[in-house]
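Colleague: Quick one, what's the 3D model for this:
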Amino acid sequence: MTRVLSLVAASLLSLVGMIFPFVLGRVPTGLNQSLLLLMMAGVAGGFIYGAGFQPDQKWLRSVIAPAFTWPLMGLSFALLVWLR
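Modeller: I've put the predicted structure just below:
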């Protein structure tokens, strides 16, 4: 179940990441782009975990685990919405 939720959340947030720059208009700020970078890092981890990849290295397993990627995606998305 967590794999499906990770895959769905990553898909939705990647769609938001594609649309968000157009919502901002012509006012690029470094802070928004930094938050998009963090969100995309969480999205990449969500896609990797959702696809079912199991790395051999323990540190890599912890990086793509939902305990790390979900808060990263959620917090960066919340900050993007709040700072908009």
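
Colleague: OK, contacts around T2?
Modeller: Neighbouring residues of T2 by CB atoms under 8 Å, 6 or more residues apart in numbering: Y49, P66. The C-beta positions use only the backbone N, C-alpha and C, and glycine is treated the same way.

Colleague: ok, 10 Å please
Modeller: In this structure, T2 makes contact with Y49, G50, A65, P66, A67, W70, judged by CB atoms under 10 Å, 6 or more residues apart in numbering.

Colleague: Can you tell me which of those residues is nearest W59?
Modeller: A65 (10.7 Å; CB to CB).

Colleague: From S34, how far off is the spatially closest residue to that closest one that is not a sequence neighbour?
Modeller: Spatial nearest neighbour of A65, excluding adjacent residues (CB to CB, 6 or more residues apart in numbering): Y49 at 6.8 Å. Look at Y49 and S34: by CB to CB, to the nearest Å, they are 23 Å apart.

Colleague: who's more crowded, these two?
Modeller: Shown here are Y49 and S34; by other CB atoms under 10 Å, Y49 has more neighbours (24 against 12).
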